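after the sequence you'll find the predicted model.
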Amino acid sequence: MGAAARRIVLLFGLATIAVAAVSALIGLALGSSATRSAATGLYLIGCFLIVLGVFSGVRGPLRPAGDDEDAEPMGALLGVGIFSKGMRHATSDERDDARSTTWLFPRWASCWSSSGSPSTRARVSSNRAAVSSSKSV
């Protein structure tokens, strides 16, 4: 279990750094500050994950009938689509997986949204102002 926790923390850390770096580069290219752009990028990704968590959580107990290999890629996206082979009840493994992903997306979203929230940006700005005023004294 320790190795799995280490991998998920590493994955989350690398994803956070990647989102912040890409957002900062885009912000700098558009003439904004890097910290504000990184915070906005993290906030937007967090909002997207909240929406994704809601959509994965509202899936019903029915799944498309047939093999996964026969399913069209767009028809299998979060269980939305028209399926010509009919519907079947979800297995217990599929229901467990749906509950796990429903739990996971909002937790990641809350971490990313809070790190990119306006109060965090304000705290960074006020800390920066305090540091610059203490240097001038």
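Ah, there it is.

in the longest helix seen in the chain, which residues are buried?
Using DSSP state H, we find that the single longest helix of the chain is helix 2-29. Buried residues in helix 2-29, defined by neighbour count with 16 or more other CB atoms under 10 Å: 16, 19, 20, 23, 24, 27. Where C-beta positions appear, they are placed from N, C-alpha and C, glycine not excepted.

and the closest residue to residue 98 other than its chain neighbours, helix, strand or coil?
Using CB to CB, 6 or more residues apart in numbering and skipping the chain neighbours, the partner closest in space to residue 98 is residue 59 (5.6 Å). Applying DSSP: H, G, I helix; E, B strand; the rest coil to residue 59 yields a three-state assignment of coil.

so what's the residue count around residue 59?
Here the count is done by other CB atoms under 10 Å, and residue 59 has 17 residues near it.

quick one: least confident helix or strand in the protein?
For the chain, using mean pLDDT, DSSP states H and E, the weakest element among its helices and strands is helix 118-136, scoring a mean of 55.
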